[in-house]
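Build me a model from this:
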Amino acid sequence: MKKLARSGLLIVASLGVLSACAYGSEDSSGDDGNSSGETVEDSGEEAEEGSGGQSGGKVSIPIVADPTFNPWHPNAYAESNVVNRVLFSGLTKPGEDLVPSPSLAESWETSEDELEWTFQLREDVLWHDGETFDSEDVSYTFNEIVLNEELGANGASFFGDVEEVVVDDEFTVTFKLSNPVAALPAYLGFNSEILPEHIFNGEDPWDLSSFNKDNAVGTGPFKMSTYTSGQSVVLERNDDYFGETALLDEVEYKVLADSNTHVAQILSGELSIFSLEDTASIERIEQQDGVDVYPRETTQFYWLSLNQEHEKYQEPLVRQAMTHAINRENIIDTVLQGYGTIADHGISPALEEYYRDDVETLAYDPDEAVSLMSEAGWEQNDNGVFEKDGETFDINFEIGIQGDLEQIAQLIQQYLIEVGFNVELQTMEWNTMIDQVVINRDYDVTLNWWRYASDPDLQPYIHSENAGSGNNIPGYQNEEMDQLLEAGAQTSDMSERQEIYNQAQELMATEQPYNFLWYPQEAQVKVDALQGVPDLAFGDSLHYINEWYLEQ
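Numbers count the residues shown, from 1 in each chain. Sure, this is the predicted structure:
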């Protein structure tokens with residue numbers, strides 16, 4: 001017997017009104033997280049072309065490095081995601097209320113024990129080369145790439161409980177799970193786009209440079225036009241798109257590593273929209289006619305990652321001391337221009353049904369930092385540097401250059417030095433950082449952020465199984481945390497999930513698996529002429545790029 005699942009009731013457990021966000025309407029189900037008996041289906045109704053807008057024109061979007069046109073490639077991160085979300089499609093996508101919405105899958109349902117999720121696929125989808133999309137593409141993407149542990153696909157840790165994807169018929173697939181995963185449809189809409197089996201079958205998915213770095217074939221509303229490494233990617237409208245045909249003619253991604261250039265070019269009319277990384281420019285932008293800044297809540301947190309393969313970072317007292325040493329509020333007020341809230345754990349305020357603001361707070365307290373280090377056996381020597389058994393506490397602080405990360409890192413370096421850490425800051429090009437830190441885990445301490453699906457399940461980032469690989473960058477391992485994360489992921493009951501994640505947040509605040517810094521509020525910069533962009537964070541709004549238009 002099948003239990004029909006309404007998108008969002010099992011997935012984000014009836015988030016309700018996200019009043020802290022400009023994300024849209026109230027979920028009126030009044031459900032406690034159990035199935036409503038209603039299937040998730042695409043209405044099949046498409047808005048009339050234009051929706052009041054104008055056809056034609058081009059938008060320009062900055063990216064900080066050359067992209068990889070393959071959402072599962074180990075090198076595909078922020079600069080690639082914003083392109084791949086337009087070139088490719090996933091089975092689902094974030095709805096305008098953040099609840100998973102149909103995309104390549106028009107409906108889905110789960111079994112009574114929640115160990116099987118069956119997706120009914122659209123039958124009218126064509127790849128950009130004219131081939132028909134079907135179940136074999138979904139099966140290949142997951143069985144041959146995502147679930148192949150030897151490949152180490154980016155994002156595979158979201159699908160650790162998926163055993164296999166079975167082809168039921170040409171347009172029906174079933175995900176078979178080892179444990180219930182309440183967030184599965186949410187994960188399927190988060191950097192989980194489907195690849196074409198007819199191109200990849202028999203090929204090494206990472207070495208197929210003719211696709212990954214040249215001429216990708218997707219199912220999205222725009223398709224490849226031109227790509228010049230180090231300069232730009234231009235996509236043109238896909239007139240055979242299965243959804244509402246895009247209004248714009250082209251989408252251009254300009255490779256611009258310097259965030260100051262982003263600001264200069266949107267003020268000069270050379271760019272159209274982006275998420276501002278350097279909020280110091282907000283006042284300057286707001287003074288310019290024809291451009292504005294829009295605050296957007298996100299499921300995101302910034303962090304320091306201490307490589308816990310190194311023994312000195314395995315001690316929670318040391319991690320707590322480092323958080324106490326950093327004046328996060330000052331960084332938020334100065335560098336972020338107030339666009340952020342101090343983070344004590346990984347669950348964002350955007351998930352208001354789960355977020356707790358009353359856990360133990362590691363406030364800025366340099367004296368407490370020194371005290372905790374002493375408790376951990378580190379005393380300040382004559383030079384004021386922490387020392388134990390003749391060894392000073394040296395930190396090689398390694399970051400990639402993007403947005404305001406370098407400015408933030410310089411302040412953090414200063415705060416850590418002031419209490420007694422010996423910190424050397426090393427900056428590197430973004431893709432070099434991805435290769436060294438993320439892929440090879442060859443680092444000491446680093447600074448970055450996670451943006452995650454609209455669900456509180458943080459297993460990919462914190463669970464022990466993902467230490468040394470996946471998205472658990474610090475290599476944190478804790479059995480109690482694992483048990484809480486597993487329990488939260490496997491139940492769909494709202495009250496049960498809330499209690500579980502309450503405990504998980506308390507443990508995160510104490511353990512500091514990451515040194516949690518803040519939850520940023522996105523500063524989305526957009527020219528006034530660009531309309532049709534939903535009230536979502538920039539990355540989510542790209543799923544609706546076919547609705548964007550330029551006022552004439």
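
where in the stretch 151-300 of the chain is pLDDT low?
Within the stretch 151-300 of the chain, no range satisfies pLDDT under 70.

For it, which segments count as helices?
With helices called from DSSP state H, counting those that start in this stretch, the stretch 151-300 of the chain shows them at 184-187, 197-200, 209-212, 259-267, 282-286.

List the buried residues of the fourth one.
Just to be clear, that refers to helix 259-267. S259, H262, V263, Q265, I266, L267 (16 or more other CB atoms under 10 Å). In this view, the C-beta of every residue, glycine as well, is placed from N, C-alpha and C.

Would you mind pulling the contact partners of that helix?
60, 62, 254, 256, 271-272, 274, 276-278, 281, 284-285, 288, 291, 402-404, 525, 527 (CB atoms under 8 Å, 6 or more residues apart in numbering).

export the helices of the stretch 151-300 of the chain to TSV and tack on distance to N327?
Supplementary listing: those in TSV, determined by distance: least, CB to CB, whole Å:
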stretch	distance to N327
helix 184-187	35
helix 197-200	49
helix 209-212	42
helix 259-267	23
helix 282-286	21
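
So for W127, which of those helices sits nearest?
helix 197-200 (7.7 Å; CB to CB).

Just the buried positions in that closest one, please.
So for helix 197-200, counting by 16+ other CB under 10 Å, buried means E197, I199, F200.

pretty sure V291 contacts Q524?
No. V291 is beyond contact range of Q524, at 11.2 Å (criterion: CB atoms under 8 Å).

which residue is nearest the middle of this structure?
In the chain, the residue lying closest to the centroid (CA atoms, centre = their mean) is R451, at 3.0 Å.

What residues of stretch 412-419 count as buried?
Across stretch 412-419, burial judged by 16+ other CB under 10 Å covers I412, Q413, Y415, L416, I417, V419.

Secondary structure and pLDDT for those - can I get that in a markdown table?
Formatted as a markdown table, these follow (DSSP: H, G, I helix; E, B strand; the rest coil; pLDDT from 0 to 100):
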| residue | secondary structure | pLDDT |
| --- | --- | --- |
| I412 | helix | 98 |
| Q413 | helix | 98 |
| Y415 | helix | 98 |
| L416 | helix | 98 |
| I417 | helix | 98 |
| V419 | helix | 98 |
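
With just CA atoms, put the longest strand anywhere in the chain into PDB.
The single longest strand within the chain, with elements called by DSSP state E, is strand 515-527. The C-alpha trace of strand 515-527 is given here as PDB (Å, rounded to 0.1, in the frame of the first residue of the first chain):
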ATOM      1  CA  ASN A 515      33.200  27.000  14.600                       C
ATOM      2  CA  PHE A 516      29.800  28.500  13.700                       C
ATOM      3  CA  LEU A 517      30.100  32.200  12.700                       C
ATOM      4  CA  TRP A 518      26.800  33.600  11.500                       C
ATOM      5  CA  TYR A 519      23.700  33.100   9.400                       C
ATOM      6  CA  PRO A 520      24.100  35.600   6.500                       C
ATOM      7  CA  GLN A 521      21.200  37.500   5.100                       C
ATOM      8  CA  GLU A 522      21.700  37.600   1.400                       C
ATOM      9  CA  ALA A 523      22.100  41.000  -0.200                       C
ATOM     10  CA  GLN A 524      20.600  40.500  -3.700                       C
ATOM     11  CA  VAL A 525      21.600  43.200  -6.100                       C
ATOM     12  CA  LYS A 526      19.400  43.700  -9.200                       C
ATOM     13  CA  VAL A 527      18.800  46.300 -11.900                       C
END
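
Okay, strands next: where are they in the stretch 151-300 of the chain?
Ranges of strands in the stretch 151-300 of the chain, per DSSP state E, counting those that start in this stretch, are 162-169, 172-177, 222-228, 232-237, 250-255, 273-276, 291-297, 300-306.

Can you redo the ones you listed as a markdown table, where the extra columns are distance to M481 and mean neighbour count?
Compiled in a markdown table, the strands of the stretch 151-300 of the chain are given as follows (distance: least, CB to CB, whole Å; neighbours: other CB atoms under 10 Å):
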| stretch | distance to M481 | mean neighbour count |
| --- | --- | --- |
| strand 162-169 | 22 | 15 |
| strand 172-177 | 21 | 20 |
| strand 222-228 | 41 | 17 |
| strand 232-237 | 40 | 20 |
| strand 250-255 | 38 | 20 |
| strand 273-276 | 30 | 22 |
| strand 291-297 | 26 | 18 |
| strand 300-306 | 15 | 23 |
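
which residue sits closest to L530, ignoring its sequence neighbours?
Closest residue in space to L530, ignoring its immediate chain neighbours: S272 at 5.2 Å, by CB to CB, 6 or more residues apart in numbering.

thinking again about what came up before, now list the buried members of the contacts of helix 259-267.
60, 62, 254, 256, 271-272, 274, 276-278, 281, 285, 291, 402-404, 525, 527.

measure stretch 541-551 end to end?
18 Å (CA to CA, to the nearest Å).

ok, now stretch 134-152?
25 Å.

Not counting it itself, show me its contacts.
Identification of contacts with stretch 134-152 by CB under 8 Å, 6+ apart yields 72, 74, 91, 104, 119, 121, 153, 155-156, 159, 162-173, 175, 194-198, 200-201, 205-206, 469.

mind listing what's buried in it?
134-147, 151.

Now intersect those residues with the helices, please.
By the criterion of DSSP state H, membership of the buried residues of stretch 134-152 in helices covers S135, E136, D137, V138, S139.

now those residues as JSON lines including distance to N381 and pLDDT?
Output for those, formatted as JSON lines (distance: CB to CB, whole Å; pLDDT from 0 to 100):
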{"residue": "S135", "distance to N381": "65", "pLDDT": "98"}
{"residue": "E136", "distance to N381": "64", "pLDDT": "98"}
{"residue": "D137", "distance to N381": "61", "pLDDT": "98"}
{"residue": "V138", "distance to N381": "60", "pLDDT": "98"}
{"residue": "S139", "distance to N381": "61", "pLDDT": "98"}
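
Closest one to D129 out of these, please.
D137 (12.6 Å).

sorry, back to before: average pLDDT for the longest strand of the chain?
Mean per-residue pLDDT for strand 515-527: 95.

Okay, now the sheet partners of the next helix or strand along the chain from it, with direction.
Downstream of strand 515-527, the next assigned helix or strand under DSSP states H and E is strand 530-531. In the sheet, strand 530-531 lines up against strand 549-550 (antiparallel) (DSSP bridges).

The residue in the chain sticking out farthest from the centre and M373, how far apart?
Taking CA atoms, centre = their mean, the residue of the chain most remote from its mean C-alpha position is D382, at 44.3 Å. D382 sits 16 Å away from M373 when distances are taken as CB to CB, to the nearest Å.

what does V251 give?
Distance from V251 to M373, by CB to CB: 50 Å.

Next: E131.
Distance, E131 to M373, by CB to CB: 61 Å.

Out of the two, name the residue with the larger neighbour count.
Applying other CB atoms under 10 Å to E131 and M373 shows that M373 carries more neighbours, namely 26 against 15.

that's a helix at the more buried one, yeah?
Yes. Note on M373: a helix contains this position according to DSSP: H, G, I helix; E, B strand; the rest coil.

residues contacting the closest residue to it other than its chain neighbours?
Nearest residue to M373, sequence neighbours excluded (CB to CB, 6+ apart): A321, at 4.8 Å. Counting by CB under 8 Å, 6+ apart, A321 makes contact with E368, A369, V370, L372, M373, A376, V419.

Dump the residues you listed to CSV, plus distance to M481.
Below are the contacts of A321 laid out as CSV (distance: CB to CB, whole Å):
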residue, distance to M481
E368, 24
A369, 23
V370, 27
L372, 20
M373, 24
A376, 20
V419, 27
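
Can you classify the residue nearest to M373 as helix, strand or coil?
Applying three-state DSSP: A321 is helix.
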